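Colleague: sequence and computational prediction follow.
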Amino acid sequence: MSHHLVEVSELVHHYPDGTPALRGISFRICHGESVAVVGANGAGKSTLLLHLNGYLAPTSGTVRIGDFPMNDETVREIRRTVGMVFQDPDDQLFMPTVYDDVAFGPRNLGFPDYEVERRVTAALEKVGAGHLKGKPPYHLSGGEKRRVAIATVLSMEPAILVMDEPTTGLDPFARRQLISLVREFEHTRIIVTHDLDLVATLCERIIVLKDGTIAADGPAGEIFRDGKLLASCRLEQPLSMQGCPRCGGMAG
Ligand SMILES: Nc1ncnc2c1ncn2[C@@H]1O[C@H](COP(=O)(O)OP(=O)(O)OP(=O)(O)O)[C@@H](O)[C@H]1O
């Protein structure tokens, strides 16, 4: 299953105004891993994600998805493999109805109508948004938009699911629904988030970014126990691991 591998080598990205957002990042993610990318505001998380499906091109260094090195010839193929859920759902929703938005990707790939319908129905059901399919996306609430944006990616049946701040704006029920959806996704998952409780629930590995470099990359439990590392990267333990201020016991 080599097409599920993500390999980033010496990745450097300078924005056109000269901002050095990534300063030489290397890691490898294998099929089936669930990896969180965390770090303070401005650490370079979104910039990194945008390289994984070729929305940004490296200033230097390489990105490889499975058998393909990312370049102008491979980027279309790679985008079929890497499903990217953006931070802002409005970046993903632009058709007159929810159904059309979720159908957009499969239609673009040339699937027949019955297959498009199967994928749309399955994706909307997974995010609990089947009842919204006839609605215009601009009439949805923020949390509904987020769920539909996730469905637009699931309908492509990607091998690698990449999510930028997926829980923003979700109510507790929708958050739980998202957690079980990500758990059920049997391939590779890469999640950028400030929601460290989500990380503790979903990810066995954490990559910590700091000022465009990797400050740590390892098992989530180890990283969450390293108070010095967390403080130096402006992070905190998940609430579920913090002692109760009154009794000293663990929350939950
Ligand atoms: N289009 C851009 N032009 C210039 N600089 C940018 C641009 N986008 C991001 N940056 C800068 O690049 C650096 C990394 O930004 P990035 O958005 O990747 O950080 P982040 O870790 O995702 O932050 P946050 O947690 O706030 O979303 C920051 O210094 C930011 O100001």
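Modeller: Okay, I see it. Residues are numbered from 1 along each chain as shown.
Colleague: buried residues in stretch 184-194?
Modeller: 185, 187-193 (16 or more other CB atoms under 10 Å). (Each C-beta comes from the backbone N, C-alpha and C, glycine too.)
Colleague: so residue 121 touches residue 129, yeah?
Modeller: No. Under the criterion of CB atoms under 8 Å, residue 121 makes no contact with residue 129, lying 10.8 Å away.
Colleague: who has more neighbours out of these two?
Modeller: The neighbour comparison of residue 121 against residue 129 (other CB atoms under 10 Å) goes to residue 129, with 23 against 15.
Colleague: pretty sure residue 153 sits against residue 84.
Modeller: Yes. The criterion here is CB under 8 Å, and residue 153 meets it with residue 84 at 6.7 Å.
Colleague: which secondary structure element of this structure has the lowest mean pLDDT?
Modeller: helix 172-184 (a mean of 86; mean pLDDT, DSSP states H and E).
Colleague: what's next to that one, contact-wise?
Modeller: 34, 126-128, 143, 146-147, 150, 161, 163, 166-167, 170, 189, 191, 198, 201-202 (CB atoms under 8 Å, 6 or more residues apart in numbering).
Colleague: among those residues, which are located in helices?
Modeller: 126, 143, 146-147, 150, 198, 201-202 (DSSP state H).
Colleague: can you give me the pLDDT of the residue positioned nearest the centre of the chain?
Modeller: By CA atoms, centre = their mean, the chain has its centre lying nearest to residue 163, at 1.5 Å. As predicted, residue 163 sits at a pLDDT of 94.
Colleague: against residue 25, how distant is residue 211?
Modeller: As judged by CB to CB, to the nearest Å, residue 211 and residue 25 stand 11 Å apart.
Colleague: between these two, which one's more packed in?
Modeller: Between residue 211 and residue 25, residue 25 has the larger neighbour count (other CB under 10 Å), namely 24 against 15.
Colleague: the closest residue to the more buried one other than its chain neighbours sits in which helix or strand?
Modeller: Distance criterion CB to CB, 6 or more residues apart in numbering; nearest residue to residue 25, sequence neighbours excluded, is residue 11 at 4.5 Å. Assessed by DSSP states H and E, residue 11 sits inside strand 6-14.
Colleague: all set now, cheers.
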